[in-house]
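Below is the sequence, then the predicted model.
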Amino acid sequence: MATFDLELVSPEKLLLSRPVEMAIIPAAEGEMGVLPGMAPMIVALKGGVIRVQENGAITEKLFVMGGFAEITPTRVTVLADEATPVTQLSRAQAAERVREAEAAYAGTASTATPEERELAMDRLLAVREMEAAAEAA
Amino acid sequence: MANLKELRGRINSVKSTRKITQAMKMVAAAKLRRAQNRAEAARPYAERMARMLASLGQAVAGNPDAPKLLVGTGRDQTHLLIVVSGERGLAGAFNTNVGRFARARIRELEEQGKTVKVLTVGRKGAAYLKREFASRIVGEVSFQGKKQVGFAEAQEIAARVTAMLDAGEIDVCTLIYNRFRSVIAQVPTAQQLVPTELPEASPAEPEGAQAWYEYEPDEATILAQILPKNLAIQIYRAILDSAAGFFGSQMNAMDNATRNAGDMINKLTLTYNRTRQANITSELIEIISGAEAL
């Protein structure tokens, strides 16, 4: 089956760079399955799990904390703010971050502009995803 | 003539100095390797980011509402210099070099009638610049006591810069740091962050047509998100580069110190032996002439 190159990089390291058949990435406006030969796109990502598919089965799951993806017919580059293989997520840590984000969101209720509130909300949703992913793993 | 006991004391003290500098050199070498690895690990992200930014920049070029981070405020009056230096001393001319470079830059800008603000990253640079430019320093960031600097710290600095820019406090932002050219060469470098110097779209790109990209949600939203990140990654890279350079410089300085201590020991040992022989000779002469007199 046809493949394309998937690269996943975070500021701290290069996590993945190899040909895959399909990747499902959490784009800001809904999950998106990417196959080889897709039209060039640049998409923003929200917090969620990237699923990599090879030989018809999901072989790898990585949690990303927002970022961008550059899609070309032969290559997909994901620039994640933070990326962790799902198996290495810690449930306790995720729960801790959810609490922090909830507090931060509650803190924005009276003072912040709508944009700031939205940002805090996005963050909260992202860490909730992280918690869910940690539990599923 | 120096007496023997004093010489012995000096030799011993230089020997222990040599032991310390040698140990420091080893530690710096180990840390250098780690710092270099980290700097290398950050490179792919920065490269991909530059590529994406190049295509985005083309897409919004000429747009009057382009974000301030990309095009600046349109003025050129207030400059913010971010000076990245080391946390510690004993690293040769590392901190002095970047400090001197920053000082020359500040003077030059002020002669042109610009207002200069300084944000220092690292303790040593702050100490150096404070003597002369204390009134220009708007902030100090220090990673003292931190084992390693993560991307989060760079993001914090970037957030400060963005806030200052949005508040209209600064017009141009420049990053000054020691670029790591090799273990023995660190070059003080100034890199302009705001307005962003767009990387040229590489002509080697096989797809060729950067402008074909579709954007989701849209160019402006993505650009607004990507620019602060780009700022953070540039700062992060500078910090990592500077850290690697620091250990390189320290390793060198300690290597020199060890060698100098060795030379010193040789010289002192020579004097010590000569003095000892001279003492023995004069004693012998005394004995012989005493015997002859009998």
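That came through fine.

Chain B contacts on chain A?
A:7, A:9-14, A:27-29, A:39-44, A:68, A:70, A:72-73, A:77, A:79, A:81 (Cβ under 8 Å from any Cβ of the partner chain). All C-beta spots, glycine's among them, are computed from the backbone N, C-alpha and C.

What count of nearby residues applies to B:I265?
17 (other Cβ atoms under 10 Å in any protein chain shown).

thought it was touching B:V14?
Yes - between B:I265 and B:V14 there is a contact under Cβ atoms under 8 Å: 5.3 Å.

Buried ones among the residues of chain A next to chain B?
A:7, A:9-14, A:27-28, A:40-44, A:68, A:70, A:72, A:77, A:79, A:81 (16 or more other Cβ atoms under 10 Å in any protein chain shown).

pLDDT at the spatially most central residue of chain B, what is it?
Centroid-nearest residue in chain B: B:S242, 3.4 Å away (criterion: Cα atoms, centre = their mean). Among the per-residue scores, B:S242 holds a pLDDT of 92.

Repeat that for B:A59.
The model's pLDDT for B:A59 equals 69.

swap in A:A137?
For A:A137, the predicted pLDDT is 68.

Next: A:A104.
82.

Do I have it right that it meets A:R123?
Yes - with contact defined as Cβ under 8 Å, A:A104 counts as touching A:R123 (7.1 Å).

Look at these two and report which has more neighbours.
A:R123 (20 against 17).

sorry, back to before: strands - which of the buried ones among the residues of chain A next to chain B land there?
Among those, the ones falling in strands (DSSP state E) are A:7, A:9, A:14, A:27, A:41-44, A:68, A:70, A:72, A:77, A:79.

List just the nearest of those residues to B:M26.
A:L14 (29.5 Å; Cβ to Cβ).

check contacts around that closest one.
Residues in contact with A:L14 (Cβ atoms under 8 Å, 6 or more residues apart in numbering or on different chains) are A:7-8, B:41, B:44-45.

and if you look at B:P195?
If you count contacts by Cβ under 8 Å, 6+ apart, B:P195 has them with B:69-72, B:172.

Cross the residues you listed against strands and list the overlap.
Using DSSP E, the contacts of B:P195 in strands are B:V172.

Can you lay out the contacts of B:P195 as JSON lines showing neighbour count, distance to chain A and pLDDT?
Conversion of the contacts of B:P195 to JSON lines gives the following (neighbours: other Cβ atoms under 10 Å in any protein chain shown; distance: Cβ to the nearest Cβ, whole Å; pLDDT from 0 to 100):
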{"residue": "B:L69", "neighbour count": "23", "distance to chain A": "15", "pLDDT": "78"}
{"residue": "B:L70", "neighbour count": "21", "distance to chain A": "15", "pLDDT": "77"}
{"residue": "B:V71", "neighbour count": "18", "distance to chain A": "20", "pLDDT": "74"}
{"residue": "B:G72", "neighbour count": "19", "distance to chain A": "22", "pLDDT": "76"}
{"residue": "B:V172", "neighbour count": "20", "distance to chain A": "25", "pLDDT": "90"}
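
The contacts of B:P195 in helices, which ones?
Judged by DSSP state H, helices contain the following of the contacts of B:P195: B:69-71.

Looking at those, which is nearest B:K130?
Taking the ones in helices among the contacts of B:P195 together and measuring to B:K130 by Cβ to Cβ, the closest member is B:L69, at 28.8 Å.

For the closest one, which non-adjacent residue is closest in space?
B:L227 (4.1 Å; Cβ to Cβ, 6 or more residues apart in numbering or on different chains).

burial measure for that neighbour, as a count.
Applying other Cβ under 10 Å, we find 22 residues neighbouring B:L227.

and what of B:T17?
For B:T17, using other Cβ under 10 Å, the count is 16.

Give me the distance from whichever strand or helix holds it to the chain's centre.
Using DSSP states H and E, B:T17 sits in helix B:4-60. Relative to its parent chain, helix B:4-60 has a centroid offset of 10 Å by Cα atoms, centre = their mean, to the nearest Å.

and if you look at stretch A:25-39?
Distance, centroid of stretch A:25-39 to centroid of chain: 12 Å (Cα atoms, centre = their mean).

What residues of that stretch count as buried?
A:25-28, A:32, A:34, A:36, A:38.

Need the contact partners of that stretch.
A:2-4, A:21-24, A:43-50, A:64, A:69, A:71-74, A:76, A:78, A:129, B:212, B:214, B:216-217.

what's the answer for stretch A:84-94, then?
A:15, A:49, A:60-63, A:127, A:130-131, A:133-137.

Name the SS class of A:P19, please.
strand (DSSP: H, G, I helix; E, B strand; the rest coil).

can you pull up the bridge partners for it?
Using DSSP bridges, the beta-bridge partners of A:P19 come out as A:D5.

How many neighbouring residues does it have?
13.

Can you report how many residues neighbour A:A136?
10.

In contact with it, which residues are there?
A:V86.

coming back round to it: Throw the buried residues of stretch A:25-39 into TSV and include distance to B:K147 and pLDDT, thanks.
Formatted as TSV, the buried residues of stretch A:25-39 follow (distance: Cβ to Cβ, whole Å; pLDDT from 0 to 100):
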residue	distance to B:K147	pLDDT
A:I25	33	91
A:P26	32	91
A:A27	36	90
A:A28	34	86
A:M32	38	89
A:V34	38	90
A:P36	42	90
A:M38	42	86
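
Can you pick out the most distant pair from the residues you listed?
The widest separation within those (Cβ to Cβ) is 22.8 Å, between A:A28 and A:P36.

mind listing the helices for the chain?
Let's take chain A. Going by DSSP H, chain A shows helices at A:91-111, A:114-136.

look at chain B instead
Using DSSP H, helices in chain B cover B:4-60, B:68-71, B:94-111, B:123-133, B:151-166, B:219-293.
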